[in-house]
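Q: Need coordinates for the below:
(one chain, ligands or ions: 1)
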Amino acid sequence: MSAVVFPFKREDPDVLLKNVRTALAHPRVRRVVCVGAEEDECFATVARAAPNIARSSGKEVVVIVQERIGTKRPGKGDGMNSALRYLLTNTEHDRIHFYDADILSFSEEWIAKAEEAADQGYQVVRHYFPRASTDAMITWFITRTGFAILFPRSELPRIEQPLGGELLVTRKVAEALLADPRVQAQSDWGIDTLYTFATVAQGFSIYETYMGVGKVHKLYGSLGDLRTMLIECFEALSSLAGASVAGTTLHHVEYQGPVSEAIKAKVGYDVDATLALLAEGWTERQAELLDHFPPEVRDGLNPSRRIPRVGCMDDKAWYDTYRVLLREYQSENPEWQDLLFRLWAARVLAYTFSVALRGYDLAMHHLHQMVECYCRRAAGGS
Ligand code: DGY
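A: Predicted structure coming up:
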């Protein structure tokens, strides 16, 4: 029997409660755990509604506040790890599902598909779904790029959505995650990177199931909205340099279905507002730090201090830039964090103007080819 976890923070309680009821309606689900980041108004509403929902479904609904477990900013990582702790200590469920609380398109199918893959013996089931060609910009340019550079011979760069919060783990995997000090320390947005890394590194079998309906959720404004997530995901990724990964991973990716015109036409972020951010707030120190980077990047970005320019940041320049970041970046240093944001924003804008503009199918093909090319370069030692 399975449990479903929804980590949440200031969500729309109606969306979350609807998702709780949907999860409970699946015959395999015995318990839903809602883990709140804090005891705010949303938490109180969910906690008040839980007993009635539990009574009418004849199942368990638990609402808890996340514990302080990790050493980074208290965030989603503490929430996911608190749920694991709770479930492994107090229950005997053999499968645990995680879903983001704000999914508007959540249905029983998400649970059914994960259960079907687990029935085939897979130990980790990850959902993936179509995203706009200018969405998932941390996934492509930080996480998949970083995994390609650091672990080019592993399955890590080939995980479709390594930052996805929708997944199933068996009890054995949950125990391994709870026993891994590095995973437990990662209390912030870096948690998805660490769960992905730990499951692949320990050789658990992985199935990626395709949800054609997509994940309809809140949208972003400028890339500035993703700044904290970007920094935490990069710092999590770079902390893995030198770690070892199991030789083989059984990894199956379900074939992708047709992508809706709505997703193909969507623009993932506000381009205008992001361009303006590139030119704002440069410090002398950040300009000096540019000297660490290849000349074409340093000289290409320097004029951005006055007028945003991003043409220099093509696939090759980003690979070289990323390698310098892995070597030189100082975690938790605000000057480096700002510069990281600028470099990544320049990369996303350059890709938007030179690749995404040419259409969805071409852009997605380009991104997949880019990761493979990075794997080849990294495996070849260049
Ligand atoms: C990503 O890059 O996957 C983040 O969710 C932001 O879109």
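Q: neighbours around residue 67, how many?
A: 16 (other Cβ atoms under 10 Å). C-beta coordinates here come from the backbone N, C-alpha and C atoms, glycine included.
Q: Double-check that it belongs to a strand.
A: No. Using DSSP: H, G, I helix; E, B strand; the rest coil, the assignment for residue 67 is coil, not a strand.
Q: for it, phi and psi?
A: phi -90, psi 160 (degrees, to the nearest 10).
Q: can you pull the pLDDT of it?
A: pLDDT recorded at residue 67 is 98.
Q: Surely it is in contact with residue 83?
A: No. Judged on Cβ atoms under 8 Å, residue 67 makes no contact with residue 83 at a distance of 9.9 Å.
Q: Name the helix or strand for residue 7, please.
A: Here residue 7 is covered by strand 2-8, with elements defined by DSSP states H and E.
Q: just checking, what packs against that strand?
A: helix 13-25, strand 29-36, helix 41-57, helix 76-90, strand 95-98, helix 108-119 (3 or more Cβ pairs under 8 Å, 6 or more residues apart in numbering; DSSP states H and E).
Q: Could you give me the buried positions within the last one?
A: Buried residues in helix 108-119, counting neighbours by 16 or more other Cβ atoms under 10 Å, are found at 110, 111, 113, 114, 115, 117, 118.
Q: Whichever helix or strand comes after it pairs with which strands, and in what direction?
A: Using DSSP H and E, the next helix or strand after helix 108-119 towards the C-terminus is strand 124-128. Here strand 124-128 has these sheet partners by DSSP bridges: strand 167-170 (antiparallel), strand 206-210 (parallel).
Q: who's in contact with residue 79?
A: 7, 8, 9, 35, 36, 37, 66 (Cβ atoms under 8 Å, 6 or more residues apart in numbering).
Q: ok, back up a step: quick check: mean pLDDT across the strand holding residue 7?
A: Mean predicted confidence for strand 2-8 is 98.
Q: CA atoms only: put that strand into PDB for me.
A: Below are the C-alpha coordinates for strand 2-8, written out as PDB (Å, rounded to 0.1, in the frame of the first residue of the first chain):
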ATOM      1  CA  SER A   2       1.200   3.500  -0.800                       C
ATOM      2  CA  ALA A   3       1.300   6.900   0.800                       C
ATOM      3  CA  VAL A   4       1.200  10.200  -1.100                       C
ATOM      4  CA  VAL A   5       3.100  13.300   0.100                       C
ATOM      5  CA  PHE A   6       2.400  16.900  -0.900                       C
ATOM      6  CA  PRO A   7       5.000  19.400   0.400                       C
ATOM      7  CA  PHE A   8       3.400  22.900   0.400                       C
END
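Q: So what pairs up with the residue nearest to residue 166 when sequence neighbours are not counted in the strands?
A: Closest residue to residue 166 apart from its sequence neighbours, by Cβ to Cβ, 6 or more residues apart in numbering: residue 127 at 4.0 Å. In this entry, residue 127 is beta-bridged to residue 209, by DSSP bridges.
Q: hang on, residue 127 packs against residue 159?
A: No. Using Cβ under 8 Å, residue 127 is not in contact with residue 159, being 11.8 Å away.
Q: How many residues are close by the closest residue to the ligand within the stretch 251-382 of the chain?
A: In the stretch 251-382 of the chain, the residue that lies nearest the ligand is residue 268 (6.8 Å; Cβ to the nearest ligand atom). Neighbour count for residue 268, taken as other Cβ under 10 Å: 19.
Q: got a list of what it touches?
A: Counting by Cβ under 8 Å, 6+ apart, residue 268 has contacts 131, 132, 133, 134, 135, 136, 137, 219, 220.
Q: Any stretches of this structure with poor pLDDT?
A: 216-219 (pLDDT under 70).
Q: Quick check: residues of it near the ligand?
A: 135, 136, 137, 138, 139, 163, 226 (Cβ under 6 Å from any ligand atom).
Q: Can you tell me which of those end up in helices?
A: The helices, defined by DSSP state H, take in 137, 138 from the residues of the chain next to the ligand.
Q: Switch the residues of the chain next to the ligand over to a markdown table; also include neighbour count.
A: Shown next, in a markdown table, are the residues of the chain next to the ligand (neighbours: other Cβ atoms under 10 Å):
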| residue | neighbour count |
| --- | --- |
| 135 | 18 |
| 136 | 18 |
| 137 | 25 |
| 138 | 26 |
| 139 | 20 |
| 163 | 21 |
| 226 | 22 |
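Q: domain ranges for the chain?
A: 2-264, 267-379 (automatic domain parsing).
Q: Single out the most deeply packed of the ones you listed.
A: When the domains of the chain are scored by mean count of other Cβ atoms under 10 Å, the highest mean neighbour count falls to domain 2-264 (a mean of 19).
Q: starting at the chain centroid, how far to that domain?
A: Centre-to-centre, domain 2-264 and its host chain are 8 Å apart (Cα atoms, centre = their mean, to the nearest Å).
Q: Run through the strands of the stretch 201-350 of the chain in chain order.
A: Using DSSP state E, counting those that start in this stretch, the strands of the stretch 201-350 of the chain run over 206-210, 251-253.
Q: of these, which approaches residue 17 most closely?
A: Residue 17 lies closest, by Cβ to Cβ, to one member of the strands of the stretch 201-350 of the chain: strand 206-210, at 25.1 Å.
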